[in-house]
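A.B. asks: build me a structure from this.
(chains A, B, C and D)
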Number of protein chains: 2
Amino acid sequence: MHTRTRRYHHGDLRAALLTRAEDTLREKGPAALSLRELARDLGVSHAAPSRHFKDKQALLDALALTGFERLTAVLGASRDGVGETFAERLDAMVRAYVGFARENAELLDLMYSIKHDPEASDALREAEQRWSDLVVRLIGEGQAQGQVREGPMERVGLPVFATLHGYADLAVAGMLPPEADEHGLDDVIAFILRGSAPA
Amino acid sequence: MHTRTRRYHHGDLRAALLTRAEDTLREKGPAALSLRELARDLGVSHAAPSRHFKDKQALLDALALTGFERLTAVLGASRDGVGETFAERLDAMVRAYVGFARENAELLDLMYSIKHDPEASDALREAEQRWSDLVVRLIGEGQAQGQVREGPMERVGLPVFATLHGYADLAVAGMLPPEADEHGLDDVIAFILRGSAPA
DNA sequence: ACCTGAACACCGTTCAAGT
DNA sequence: ACCTGAACACCGTTCAAGT
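C.D. replies: So this is what the prediction gives:
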């Protein structure tokens, strides 16, 4: 039973740092996130995090990456068993994304924030694409069923993705008008269906 | 000619701080923005900014506010003389917004970032609404011309606004696929027109 | 391999004091 | 009214040294 033994160094400091960082990001916002405080919370020295993240931005990038991975996992799984029609599956995906955005507002803000480090942004762009590809794939399936207009999946899918992301981003920023609570999502979904309907 | 006289204190330190803050935000990103460095750049003591902004977040909020005001001014002015049809005017507005977003990427990021201070966010929400109202008004005019589907302007306009904001936000975050450069904007505009066309 | 402890050069914020 | 200068409690990052 040496798993309960308090060892000199942390078991998986990297993962612990990410988990703790997400908690404080959610609770206190990005400005309050400090490497030294994370280290203090986890009972390691303030220099320990540098073994796992070369600087603070690297930790934030890694956190954004886990966000995209979780989002892809959750929305990929939610594709199963939500009905057959394109409208039903689109409805489910839009609501799932907006739900994720609202529940992880600070994280989503970070995921779609500007990266001034161009090297780190490559991995993030790839992770983001794995998620947006779920929407593109949905478009492809809709086309196969004749429920979505013809054309290259990526081109047909991009305005759809922009719409649902835009709505989620406005929700996260707290910029949706009060009336949106009632009809906002319904209106957005109907709008997407009209915009992507067969000609 | 005492305007050229170097006075003991700054002429309009508040405005100078905002201008300089926007420059460094654009050039070095939000993480590199420090009150002390701003003060140094402007030749005042590091405590001087606190006379005009109670803390760093207050300066960032004020900066975001000027962003919304400039956006509203620019897009409000660009409404004049761009053609008569709804399609033409929508096209102009979408391109103008995406253009503003690309030219002021870091600022737009700030404008739509989460505010953890709920009191400061009221003013920002109002400023944001003055800009999004331009889109709603455009919808209203389109309805009057019979070129936009019926319904409450705000409800018809919100999915339209979400779409163009979502596209701009993806562009700013560097998350648009490479192919979007060619057809992205055209596809988004056509998508919006289909989604808001009369039934 | 992984972490510590000290050191360095920075921060944001506050506050008495100056003009 | 507006700003200074000193002070306080923090930061991020680096690096020799420890285990």
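
A.B. asks: quick one, domains of chain A?
C.D. replies: As given by automatic domain parsing, the domain ranges for chain A are A:1-54, A:55-196.

A.B. asks: of those, which stretch is the most buried?
C.D. replies: domain A:55-196 (a mean of 18; mean count of other CB atoms under 10 Å in any protein chain shown). For every residue, glycine as well, the C-beta is placed using N, CA and C.

A.B. asks: so the nearest residue to A:Ala39 once chain neighbours are set aside is in which element?
C.D. replies: In this structure, A:Ala39 finds its nearest non-sequential neighbour in A:His46, 4.7 Å apart by CB to CB, 6 or more residues apart in numbering or on different chains. If you go by DSSP states H and E, A:His46 is not part of any helix or strand.

A.B. asks: I'd say A:His46 and A:Ser34 touch.
C.D. replies: No: with contacts counted by CB atoms under 8 Å, A:His46 stays clear of A:Ser34, the gap being 9.4 Å.

A.B. asks: give me the below-cutoff pLDDT ranges for chain A.
C.D. replies: Regions of chain A meeting the criterion pLDDT under 70 cover residues A:1-10, A:81.

A.B. asks: look up how far DNA strand C lies from A:Gly157.
C.D. replies: As defined by CB to the nearest atom of the strand, to the nearest Å, A:Gly157 lies at a distance of 41 Å from DNA strand C.

A.B. asks: mind putting the domains of chain A in a markdown table, distance to B:Met153 included?
C.D. replies: What follows is those, written out as a markdown table (distance: least, CB to CB, whole Å):
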| stretch | distance to B:Met153 |
| --- | --- |
| domain A:1-54 | 34 |
| domain A:55-196 | 11 |
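
A.B. asks: quick check: what element follows the lengthiest helix in chain A along the chain?
C.D. replies: For chain A, the longest helix by residue count, based on DSSP state H, is helix A:118-144. Next along the chain after helix A:118-144, taking DSSP H and E as the criterion, comes helix A:153-173.

A.B. asks: can you name the residues in contact with the helix or strand that comes right after that following helix?
C.D. replies: Next along the chain after helix A:153-173, taking DSSP H and E as the criterion, comes helix A:180-196. Defining contact as CB atoms under 8 Å, 6 or more residues apart in numbering or on different chains, one finds that helix A:180-196 is touched by A:86-87, A:90-91, A:94-95, A:98, A:139, A:142, A:148-149, A:156, A:159-160, A:163-164, A:167, A:176, B:155-156, B:158-160, B:162-163, B:191-192, B:194-197.

A.B. asks: dump the C-alpha coordinates for helix A:180-196 into CSV.
C.D. replies: What follows is helix A:180-196 as a C-alpha-only set of coordinates in CSV (Å, rounded to 0.1, in the frame of the first residue of the first chain):
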residue,chain,number,x,y,z
ALA,A,180,-32.2,35.2,-25.2
ASP,A,181,-32.7,32.9,-22.3
GLU,A,182,-36.1,32.1,-23.6
HIS,A,183,-35.8,31.7,-27.3
GLY,A,184,-32.1,32.3,-28.1
LEU,A,185,-31.1,28.7,-28.6
ASP,A,186,-34.2,27.7,-30.5
ASP,A,187,-33.8,30.7,-32.8
VAL,A,188,-30.2,29.9,-33.4
ILE,A,189,-30.9,26.3,-34.2
ALA,A,190,-33.7,27.2,-36.6
PHE,A,191,-31.5,29.8,-38.2
ILE,A,192,-28.8,27.2,-38.8
LEU,A,193,-31.3,24.7,-40.3
ARG,A,194,-32.5,27.3,-42.8
GLY,A,195,-29.0,28.3,-43.7
SER,A,196,-27.9,24.8,-44.3
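
A.B. asks: by how many degrees do the longest helix of chain A and helix A:180-196 diverge?
C.D. replies: 70 degrees (axes from the mean of the first three to the mean of the last three CA atoms, to 10 degrees).

A.B. asks: thinking again about what came up before, tell me how far the residue nearest to A:Ala39 lies from A:Trp131.
C.D. replies: According to CB to CB, to the nearest Å, A:His46 stands 34 Å off from A:Trp131.

A.B. asks: could you do A:Ala173 as well?
C.D. replies: Taken as CB to CB, the span from A:Ala173 to A:Trp131 is 19 Å.

A.B. asks: nearest spatial neighbour of A:Ala168, skipping sequence neighbours?
C.D. replies: Closest residue in space to A:Ala168, ignoring its immediate chain neighbours: A:Ala101 at 3.8 Å, by CB to CB, 6+ apart.
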